[in-house]
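Enquirer: structure for the following, please:
(one chain, ligands or ions: 2)
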Amino acid sequence: MTITEPLAANGTGPPAVLSAHGVTVRFGGLTALSEVDISIPAGALVGLVGPNGAGKTTLFGVMSGLLHPNKGHVNLLGTDVTKATCETRARLGLARTFQQPELFLDLTVREHLVLAYRVRHYRSRLWKDVFTAGCLKRPDPAETERVDSLLELLSLDEVAHQPVRVLPLGTSRLVEVGRALATAPAIVLLDEPSAGLDRHETERLSGALRRTVMEEKVSLLLVEHDVAMVLSLTSEIYVLDFGSVIAQGPPAEIRENPEVRAAYLGDEDIAIAAS
Ligand SMILES: Nc1ncnc2c1ncn2[C@@H]1O[C@H](COP(=O)(O)OP(=O)(O)O)[C@@H](O)[C@H]1O
Ligand SMILES: [Mg+2]
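Expert: Ligands and ions are numbered 1, 2, ... in the order given. Coordinates of the predicted model:
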């Protein structure tokens, strides 16, 4: 890995926490991404949208380290991480959530956050606790305070002592966000967090993400099929179509962009969002 300047993707504007430059990914003869540039500044909530097959999941993979591009670079907090693993990126400050929540069903909501906090803050003690069966006991005051404040931020305090097994999907998604935040990341990548949620749950999640960006020193990249959600929540949106960025800008511009409307022709989400 080499240290480089964390410039925004277009070389101007505020320094990026995470950026991709000229990223191309091919699967055999299919070009899934072609020369994609994207940049997420500090403290920003950035959206990535596009119709099915546009390349969103592929770009998510390139940014999080699951996939290595054929061409181009990924930069995280000034470090070129193009070839770095997911684990290295996590250590540098990148967290992610999964489309299917990957939670431990018998652990409580609070225990999930405590574990994530300990993985980040004192890895050595975590393993000692596991081997001495002292796991999840003996909290220190900083840990208790941080976990309590995250439970409150995400409105999870009332279910803090429930096992995640009994939670509805919308609440499980919030647990995943809380777990990501407990690792003190600089950026969290969210993979279609609204998938499978009803309107009420989506609104609750949107509120929690809005509060997170306002109150935490963190950037969020929201990869979403739900265009209405992204338009209402983010400050900057990238639109992918057939592996290329066809538009980039604030929600008001994206809403009016004829190319974006054409890409989503017949898609109810944008029809609702644009009306
Ligand atoms: N592992 C893979 N092997 C072959 N083709 C793939 C693979 N992953 C994705 N693709 C193809 O790449 C394109 C982009 O897919 P994807 O990134 O999943 O789009 P989106 O998430 O926007 O729906 C699609 O045409 C998809 O069929
Ligand atoms: Mg996808």
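Enquirer: quick one: the strands in the stretch 101-250 of the chain?
Expert: In the stretch 101-250 of the chain, the segments counted as strands under DSSP state E, counting those that start in this stretch are 187-191, 219-223, 236-241, 244-249.
Enquirer: in the very next helix or strand once past the last one, what counts as buried?
Expert: Toward the C-terminal end, the helix or strand that comes next after strand 244-249 (DSSP states H and E) is helix 251-256. Across helix 251-256, burial judged by 16 or more other CB atoms under 10 Å covers 251, 254, 255. (Glycine included, C-beta is placed from N, CA and C.)
Enquirer: can you read off the pLDDT for the second one?
Expert: At residue 254 the predicted local confidence, pLDDT, stands at 94.
Enquirer: same check on the one 4 residues further on?
Expert: What the model reports as pLDDT for residue 258 is 91.
Enquirer: repeat that for residue 234.
Expert: Note for residue 234: predicted pLDDT of 94.
Enquirer: what is the burial count for it?
Expert: Using other CB atoms under 10 Å, residue 234 has 25 other residues around it.
Enquirer: likewise for the one 10 residues further on?
Expert: Here the neighbour count serves as a burial measure; for residue 244 (other CB under 10 Å) it reads 15.
Enquirer: that one: what's it in contact with?
Expert: 33, 34, 35, 36 (CB atoms under 8 Å, 6 or more residues apart in numbering).
Enquirer: the second one looks like it's in a strand, true?
Expert: In other words, residue 34. Yes - counting by DSSP: H, G, I helix; E, B strand; the rest coil, residue 34 is located in a strand.
Enquirer: how near is the residue nearest to it when sequence neighbours are not counted to residue 189?
Expert: Nearest-residue entry for residue 34: residue 243, 4.6 Å, with adjacent residues in sequence omitted and distances by CB to CB, 6 or more residues apart in numbering. Using CB to CB, to the nearest Å, residue 243 is found at 19 Å from residue 189.
Enquirer: what is the nearest of the buried residues of helix 251-256 to ligand 2?
Expert: Nearest to ligand 2 among the buried residues of helix 251-256: residue 254, at 19.0 Å, using CB to the ion.
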